[in-house]
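K.L.:
quick one, what's the 3D model for this:
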Amino acid sequence: MSELTLEAAKTIIETAFAKGRELGLKPLAVAVLDSGGHLKAFERADGASFLRPKIAFGKAYGSIALGAGSRALHARAEQQAYFINAVNALADGNLVPVAGGVVIRDAQGNAVGAVGVTGDTSENDEACALAGIEAAGFQADTGA
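P.N.:
Got it, this is the predicted structure:
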C-alpha cells in the first residue's frame, strides 16, 4: 500500500489551486486527510470565506469515513436521508455530503486518504480534487 505523504498532500493542494485558477474559479479551500480521517494538509486561498476550512474538511471526512466520494454521499442522502443524518450525528456534524470530497486510492485500490475542495460549485470543486489526486500519482474515487 502506498502512503499518503505530506509531499503528496501538498501536490494535491497545489494542483487543485492551479486547476481552480485555470478555470477561473472563486477562491478555494482544500483539505487532505489521511486514511484515519486526520488532517494531513490544508490551505485556504486569499478571499475564501472563514467557513471554507470546515466545509472542505467535512467533504473529505465523509468520503474517507464512508469510503465513497461526497457526490455519492449526496445521492445516498437523497435516497436515505435518515441514514446520512444518523451518520452525521455520529460524526459530530462533520459530514458535508455534496460533491467535492473524493477518496484517494493507491494503485492496489486501497483508500489512503481523501481530499475535500470547496469554494465554487460542487462540480468545479470536484474537478479540482480530481486534478490534484491524479497529479500526486493516486487514483480518485468519487463513488459515482
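
K.L.:
and the top helix by length along the chain, which residues are buried?
P.N.:
In the chain, assigned by DSSP state H, the helix with the most residues is helix 6-23. In terms of neighbour count (16 or more other CB atoms under 10 Å), helix 6-23 has its buried residues at Ala8, Ala9, Lys10, Thr11, Ile12, Ile13, Thr15, Ala16, Phe17, Lys19, Gly20. Placement of C-beta: from N, CA and C, glycine included.

K.L.:
can you report phi and psi for the most centrally placed residue in the chain?
P.N.:
In the chain, the centroid-proximal residue (CA atoms, centre = their mean) is Gly116; its distance is 2.1 Å. Reported as degrees, to the nearest 10, the phi and psi values for Gly116 are phi -130, psi 130.

K.L.:
so it is in contact with Gly69, correct?
P.N.:
No - the criterion here is CB atoms under 8 Å, and Gly116 misses it with Gly69 at 10.1 Å.
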